[in-house]
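A.B. asks: let me see the structure of the following:
(chains A and B)
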Amino acid sequence: MRLNIKYFGLIAELTSCSEEQLEFEGTKVEEVIELLNTKYPDLKSKDFQVAQNREIVSLKSPVTGGDIALLPPFSGG
Amino acid sequence: MERYSRHIILSEVGQVGQDKLNAAKVLVIGAGGLGCPVLQYLVAVGIGTVGIVDFDTVNISNLQRQVLYGNSTLGENKAIAAKSSLSDLNPTITINAYTDKLDTNNAIELFDKYDIIVDGTDNFATRYLINDAAILNNKPSVYGAIYKFEGQVSVFNYNNGPSYRCLFPTPPKEGSIANCSEVGVLGVLPGIIGTMMANEVIKMVLNFDGVLSGELLCYNSRNTEISKLTITKKQEEFNKIMANPDLLHLKVDQACHFTINEITSEKLSQLENVQLIDVREPHEQPKLDMNKSIRIPLSTFENNLNLIDNSKTIIIYCQSGIRSKKAVEILLNLGFTNCYSLKGGVMSLIEKQSI
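C.D. replies: All right, here's what the predicted structure looks like:
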């Protein structure tokens, strides 16, 4: 299936884009992240949460299609 | 009262709503980029008791976005300077300035005196402390955080809703995510995010529907995109906090951080046989003379330990002194002993002309 991947904050800097399309053939969210880790090796060292279709989900969640967003915590104030 | 007439004629607020605002007690932690706009609006709308917690002093680099201060308050404690500016905006309310750093010893007692806690801090350790102490006191907390051109807003622990730990269960590695003093921030961004935070406070006080609980609002000032992401409550995260009513789990973290050796630029200028290491990323400015300093970005630090000269005193610096502490921690864990983090970062080197 075709997924729309969104990046926030320093993750978007690392990938040099805020959004991209990705062809995916697995079942779980963690497999999407593994795919992205291969594409962007520096991603492995970053902290982030994943949202699927605007809902924060665990890595074990099934991929249902649509949007996947990678959301790092911000500390600035 | 004439002061609040524009509220009182709003049918959704009225005198009853204004009385609620006047009876409310709100504690704002951090009177920086986010804290300034939050405080301005809370004070202007007549929140009856406003507490301001900040141990820091006003620096000239704050004035690009921290709109409560000016040249005349440079060097003053922020809580005191903010109080004096806000007292003119609204002399009819009570403003309490707290100049001590918020920590595990004072948070619970302080939060008990207020109805709503606002997190406008600039570091993860204090954000987790605020979250946990708010849960232990059963008070809602309004969260805001910024990174360069983007901001996040949410309301935690409100009406049985999720908390910060339901979103980000554990603190990221210290130094892994830079703050405003290290990477910069667009001057207007904290104004936008801080104003949204003040709005959430007012909605809670007025018992409005639509409080931003259970959702994280993400704002991007470059493309004006707003996304709202749903956060699910994780009861186990609450249980962990409730099992530690003395915040003992956070005290362990604090103790670890205190062991990092710091050195001032004055002290550094008296040392001989030192190796200076810049752990900033290659694009960061200002750059120093490379004959005197080597650059190993923190992101690749552990892969380049061979560049470190163990026969010298190792001084590590970054932009403000946060990432350098992380690098020192890495070295200490590897058994290095003669290594220090430069307090105040690269700017303190330039100001003191130590090199």
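A.B. asks: okay, now residue 67: neighbour count?
C.D. replies: All of this is about chain A. By other CB atoms under 10 Å in any protein chain shown, 15 other residues sit near A:Asp67. (Each C-beta comes from the backbone N, C-alpha and C, glycine too.)
A.B. asks: wrong chain, I was asking about chain B
C.D. replies: Neighbour tally, B:Val67, other CB under 10 Å: 18.
A.B. asks: leaving out the residues flanking it, which one is nearest to it?
C.D. replies: Nearest-residue entry for B:Val67: B:Cys36, 5.2 Å, with adjacent residues in sequence omitted and distances by CB to CB, 6 or more residues apart in numbering or on different chains.
A.B. asks: gap between the one you found and chain A?
C.D. replies: Computed as CB to the nearest CB, to the nearest Å, the B:Cys36 to chain A distance reads 10 Å.
A.B. asks: can you give me the pLDDT of that residue?
C.D. replies: On pLDDT, B:Cys36 comes in at 98.
A.B. asks: my guess is it contacts B:Thr195, does it?
C.D. replies: No: the pair B:Cys36 / B:Thr195 is not scored as a contact, 10.4 Å apart, by CB atoms under 8 Å.
A.B. asks: can you name the secondary structure element that comes next after the longest helix along chain B?
C.D. replies: When chain B is parsed with DSSP state H, its longest helix is helix B:189-205. Following helix B:189-205 in sequence order, the next helix or strand is strand B:215-220 (DSSP states H and E).
A.B. asks: show me what contacts B:Leu271?
C.D. replies: Listed by CB atoms under 8 Å, 6 or more residues apart in numbering or on different chains, the contact partners of B:Leu271 are B:313, B:315.
A.B. asks: doesn't it belong to a strand?
C.D. replies: No: under DSSP: H, G, I helix; E, B strand; the rest coil, B:Leu271 sits outside any strand and is assigned coil.
A.B. asks: tell me the pLDDT at it?
C.D. replies: Looking at B:Leu271, its pLDDT is 84.
A.B. asks: where does the chain have low pLDDT?
C.D. replies: If you meant another chain, say so; for now it's chain A. Nowhere does chain A drop to pLDDT under 70.
A.B. asks: wait, chain B was what I had in mind.
C.D. replies: Ranges of chain B meeting pLDDT under 70: B:173-181, B:251-260, B:290, B:352-355.
A.B. asks: centre of it to the edge, which residue is at the far end?
C.D. replies: Most distant residue from the mean C-alpha position of chain B: B:Ser311, 37.6 Å away (CA atoms, centre = their mean).
A.B. asks: returning to what we had before: between B:Cys36 and B:Thr195, which one's more packed in?
C.D. replies: B:Cys36 (26 against 16).
A.B. asks: going by residue numbers, what spans are helices in chain B?
C.D. replies: Taking DSSP H as the criterion, chain B carries its helices at B:5-8, B:14-23, B:35-44, B:78-89, B:107-111, B:124-136, B:164-167, B:180-183, B:189-205, B:235-242, B:248-258, B:265-269, B:323-333, B:345-352.
A.B. asks: ranking those helices by burial, who's on top?
C.D. replies: helix B:35-44 (a mean of 25; mean count of other CB atoms under 10 Å in any protein chain shown).
A.B. asks: name the helices or strands packed onto that helix?
C.D. replies: Counting contacts by 3 or more CB pairs under 8 Å, 6 or more residues apart in numbering or on different chains; DSSP states H and E, helix B:35-44 is packed against strand B:25-29, strand B:49-53, helix B:78-89, helix B:189-205.
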